[in-house]
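Engineer: Provide a 3D model corresponding to the input given below.
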Amino acid sequence: MDLWIWAFIGGLAGTSAMDFGARQLGQLGVNDALGGLLGRWVMGFRQFRFVIDGNVELKTPETYRELKVGTAFHYIVGGGGVALMYPTWFAITGITLPENHILAGLVFGVLSVGLTWILQYPCFGFGLFGRKGPKGASTILPPLLLHSVYGLGIGVVLQLAI
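Structural biologist: Predicted coordinates:
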């Protein structure tokens, strides 16, 4: 049971590190195409709107409420849903837990970027891997780097706790 709790905490830490990294990349002028779309997308779920035209939506500045909803969703999904896939994998497969959670967390983080490339970008109207995203957006390397940081957050917490 401790693994599940620590994975959740690691997911929160990883999400926090990921958000910090995204702000740093943004200050360097790196655009990952997501901008403030997450909250706007999630708020559309109430109307059963699961796909948006991100290229149009990005032209309207994000509201305070969209920012809060997007941030909460990111932490719920990152801390909860996705991070708990780490212990679930070992429980389902019966594979022994790794000695080095940092390396395993890094691999997990790299694999988790698939959620952005294959689920989130298409739902934002950017297509697979964001290839139809806004002009000048970097849709491959920034998400890969940020999800690596996310996975490291999970791995470091688990390595220190277990």
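Engineer: which residues does residue 98 contact?
Structural biologist: residue 104 (Cβ atoms under 8 Å, 6 or more residues apart in numbering). Placement of C-beta: from N, CA and C, glycine included.
Engineer: residues near the closest residue to residue 62 other than its chain neighbours, how many?
Structural biologist: In space, and not counting its chain neighbours, residue 62 is closest to residue 36: 2.8 Å by Cβ to Cβ, 6 or more residues apart in numbering. Residues near residue 36, counting by other Cβ atoms under 10 Å, number 16.
Engineer: same check, this time on residue 148
Structural biologist: By the measure other Cβ under 10 Å, the count of residues near residue 148 is 21.
Engineer: over to residue 120?
Structural biologist: 20.
Engineer: again, but for the one 4 residues further on
Structural biologist: The local packing count at residue 124 equals 27, with neighbours defined by other Cβ under 10 Å.
Engineer: my guess is it contacts residue 41. True?
Structural biologist: Yes: assessed by Cβ atoms under 8 Å, residue 124 is found in contact with residue 41 at 6.6 Å.
Engineer: between the two, which contacts overlap?
Structural biologist: residue 52.
Engineer: next secondary structure after the helix or strand harbouring residue 25?
Structural biologist: Element membership of residue 25, judged by DSSP states H and E, is helix 2-27. Going down the chain from helix 2-27, the next helix or strand is helix 37-43, by DSSP H and E.
Engineer: let me see the residues that make contact with the helix or strand just after that next one.
Structural biologist: Note on helix 37-43: by DSSP H and E, the next helix or strand toward the C-terminus is helix 54-57. By Cβ under 8 Å, 6+ apart, the surrounding residues in contact with helix 54-57 are 33, 37, 40, 124, 125, 126, 132, 133, 134.
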